[in-house]
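A.B. asks: based on what follows, work out the 3D shape:
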Amino acid sequence: MELLHRDMKNNKKKFNAQDDDDEDEEEENGNLDAWERAYVDERSWESLQEDESGLLRPIDNKTLHHAQYRRRLRALSSSSAASRIQKGLIRYLYLIIDLSRAAGEMDFRPSRMVVVAKQVEAFIREFFDQNPLSQIGLVTIKDGVAQCLTDLGGSPESHIKALAGKLECSGDSSIQNALDLVHDFLNQIPSYGHREVLIMYSALSTCDPGDIMETIQKCKKSKMRCSVIGLSAELFICKHLCQETGGMYSVALDESHLKELVLEHAPPPPAIAEFAIANLIKMGFPQRAAEGVISICSCHKEAKVGGGYTCPRCKARVCELPTECRICGLTLVSSPHLARSYHHLFPITPFDDVGPSVLNSAHHKLPKKCFGCLQSLLNPGNMPGPCVACPKCKQHFCLECDIYIHESLHNCPGCESFRQPNSVTAT
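C.D. replies: From the prediction side, this is the model:
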């Protein structure tokens, strides 16, 4: 009995010691930043899986990435499947970046400001790739003051360069001052343009000079769609702003989540009901200016040699497209810009996943090569690998081609091959 009593005491002490160790580990992990916990929680042995031969192999991250992409694609297609939704293809978006002292916090590595600048650069490039007829402007908030960093324009490099030279954080943040500033700019946009505001907000408060509720109602009256991405915690005033103006409000958990949230704003959103009226927009298609010719640029008010474009109405010189002529006010675009905007109106149907039952079936003979890139669809051992099939032309594609077709090409190679003239197919 005495031995049994001693064993019970020893076991109880061991369990208490283990509980204390677990509590210490939890306290240590609780004091770590988000990016530090990502490395502490990383367990390399969990990224292994056993194959059919009994060997350990790393998990196929390519398949996991493709599964995430397919979920996003289905969500976008299901939202517009019920009825054809009119999209706002000509967008005027102001990106408001919070550079207050809260942007210097280091819960994102190396700081919130650096991570936001990196994601903003990726967003600007993706935005112009998907919205070639649209324009972006940058506004920063620092020391309670909103400052216009760049005017509305269609050059991604000019915006990225301007932001890189102003990465300093200090003072408080003011949402009202930022909204008042962009409201004055967007209020001059023509009725066919879609007015949008995207705020990258790091602070937990806003220091405003007046009643911000009046400013929110003013933005709502001007048909401005305001969206906010928070980096700290959910704020009532940000949520109220998005609800009143029809925007989206979300809070980023880490850097990868922040990237997903930012890129969700790149595709054109559904048009507001008041803007869903068909309008005829007068546009000009300028010609490329001859090389070596000296002319005065209407954008920068200075003489430049060669390059640029000539307005077909007033013959003024502009540097980039799309833009609005500073002399006659004509909207200047190029034909490729219109062609690249076309795919938003008629998106490609998501491809169907080829299930394991079809892959292993003897009755369905699957092709050995991808129809797009002609790479093999077979895994080592001549086993069929994961692939997708177009529901219209029934051609099979690899996972990389699936993403490339839906995000960049916007045309199915299999369907396009069947649209060739009969004379061409006969030869």
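A.B. asks: where does pLDDT dip in the stretch 301-427 of the chain?
C.D. replies: Applying pLDDT under 70 to the stretch 301-427 of the chain picks out residues 356-364, 420-427.
A.B. asks: which parts of it are helices?
C.D. replies: Taking DSSP state H, counting those that start in this stretch as the criterion, the stretch 301-427 of the chain contains helices spanning 335-341, 356-359, 399-404, 413-418, 422-426.
A.B. asks: try the chain
C.D. replies: In the chain, the helices defined using DSSP state H lie at 2-30, 34-40, 61-79, 112-130, 156-164, 175-186, 212-221, 236-245, 255-263, 335-341, 356-359, 399-404, 413-418, 422-426.
A.B. asks: tilt between the fourth one and helix 156-164?
C.D. replies: This points to helix 112-130. Angle, helix 112-130 to helix 156-164, by axes from the mean of the first three to the mean of the last three Cα atoms, to 10 degrees: 170 degrees.
A.B. asks: buried by neighbour count: which residues of helix 112-130 qualify?
C.D. replies: For helix 112-130, burial by neighbour count (16 or more other Cβ atoms under 10 Å) applies to 112-113, 115-117, 119-120, 123-124, 126-128, 130. In this view, the C-beta of every residue, glycine as well, is placed from N, C-alpha and C.
A.B. asks: how about the spatially most central residue of the chain, nearest residue that isn't a chain neighbour?
C.D. replies: By Cα atoms, centre = their mean, the chain has its centre lying nearest to L263, at 0.9 Å. Leaving aside its sequence neighbours, L263 sits nearest to E126 (Cβ to Cβ, 6 or more residues apart in numbering; 5.9 Å).
A.B. asks: for V293, list the residues it contacts.
C.D. replies: 305-306 (Cβ atoms under 8 Å, 6 or more residues apart in numbering).
A.B. asks: redo that, cut-off 10 Å
C.D. replies: V293 makes contacts with 304-308, 310, 317, as judged by Cβ atoms under 10 Å, 6 or more residues apart in numbering.
A.B. asks: same question for K218.
C.D. replies: 179-180, 183, 187, 224.
A.B. asks: please apply the same query to P286.
C.D. replies: 308-313, 315-318, 321, 323, 325, 330, 332-334 are the contacts of P286 under Cβ under 10 Å, 6+ apart.
A.B. asks: kindly report the same for G165.
C.D. replies: With Cβ under 10 Å, 6+ apart, G165 has these contacts: L149.
A.B. asks: counting neighbours, what do you get for D352?
C.D. replies: 12 (other Cβ atoms under 10 Å).
A.B. asks: I should have written L235 there, sorry.
C.D. replies: Neighbour tally, L235, other Cβ under 10 Å: 19.
A.B. asks: can you check M200 too?
C.D. replies: 28.
A.B. asks: now the chain, which segments are flagged as low pLDDT?
C.D. replies: In the chain, residues with pLDDT under 70: 1-86, 272-278, 356-364, 420-427.
A.B. asks: ok, 50 please
C.D. replies: By pLDDT under 50, the low-scoring segments of the chain are 1-4, 14-15, 17-18, 25-26, 78-83, 423-427.
A.B. asks: hmm, back to that, surely the residue nearest to the centre of the chain is in contact with V120?
C.D. replies: No: assessed by Cβ atoms under 10 Å, L263 is found out of contact with V120, at 11.2 Å.
A.B. asks: what touches both of the two?
C.D. replies: F127.
A.B. asks: contacting residues for the nearest residue to G372 once chain neighbours are set aside?
C.D. replies: What sits nearest to G372 in space, not counting adjacent residues and going by Cβ to Cβ, 6+ apart, is C401, at 3.7 Å. Residues in contact with C401 (Cβ under 10 Å, 6+ apart) are 351, 370-375, 387-388, 409, 413.
A.B. asks: and these as a markdown table, adding distance to I212 and neighbour count?
C.D. replies: A markdown table is the format used below for those (distance: Cβ to Cβ, whole Å; neighbours: other Cβ atoms under 10 Å):
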| residue | distance to I212 | neighbour count |
| --- | --- | --- |
| F351 | 46 | 23 |
| C370 | 54 | 21 |
| F371 | 55 | 21 |
| G372 | 51 | 19 |
| C373 | 53 | 13 |
| L374 | 58 | 9 |
| Q375 | 55 | 12 |
| C387 | 53 | 22 |
| V388 | 48 | 22 |
| L409 | 45 | 15 |
| P413 | 52 | 17 |
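A.B. asks: so of these, which ones are in strands?
C.D. replies: Among the contacts of C401, the members found in strands (DSSP state E) are V388.
A.B. asks: tell me the one of the contacts of C401 nearest K282?
C.D. replies: Using Cβ to Cβ, L409 comes nearest to K282 of those, at 31.1 Å.
A.B. asks: quick one: residues contacting that closest one.
C.D. replies: 343, 348, 372, 401, 403, 416.
A.B. asks: mind doing that once more with 7 Å?
C.D. replies: Applying Cβ atoms under 7 Å, 6 or more residues apart in numbering to L409 gives no contacts.
A.B. asks: can you give me the distance of it to I348?
C.D. replies: Using Cβ to Cβ, to the nearest Å, one gets 9 Å for the distance from L409 to I348.
A.B. asks: what is R225 paired to in the beta sheet?
C.D. replies: Assessed by DSSP bridges, R225 has beta-bridge partners E196.
A.B. asks: who's in contact with it?
C.D. replies: By Cβ under 7 Å, 6+ apart, the contact list for R225 reads 195-196, 245-247, 269, 272.
A.B. asks: can you check V228 too?
C.D. replies: Residues in contact with V228, defined by Cβ under 7 Å, 6+ apart, are 199, 201, 238, 241-242, 249.
A.B. asks: 8 Å - rerun?
C.D. replies: Contacts for V228 (Cβ under 8 Å, 6+ apart) come out as 198-199, 201, 238-239, 241-242, 247-250.
A.B. asks: as CSV, these with distance to C169 would be great.
C.D. replies: Shown next, in CSV, are the contacts of V228 (distance: Cβ to Cβ, whole Å):
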residue, distance to C169
L198, 19
I199, 16
Y201, 13
C238, 19
K239, 24
L241, 22
C242, 24
G247, 24
M248, 25
Y249, 22
S250, 22
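A.B. asks: pick out the most distant pair among those residues.
C.D. replies: L198 and K239 (15.2 Å).
A.B. asks: in terms of neighbours, single out the busier of the two.
C.D. replies: Neighbour totals were compared for L198 and K239, and L198 leads with 22 against 14 (other Cβ under 10 Å).
A.B. asks: isn't the more buried one right up against L241?
C.D. replies: No: L198 is beyond contact range of L241, at 11.8 Å (criterion: Cβ atoms under 8 Å).
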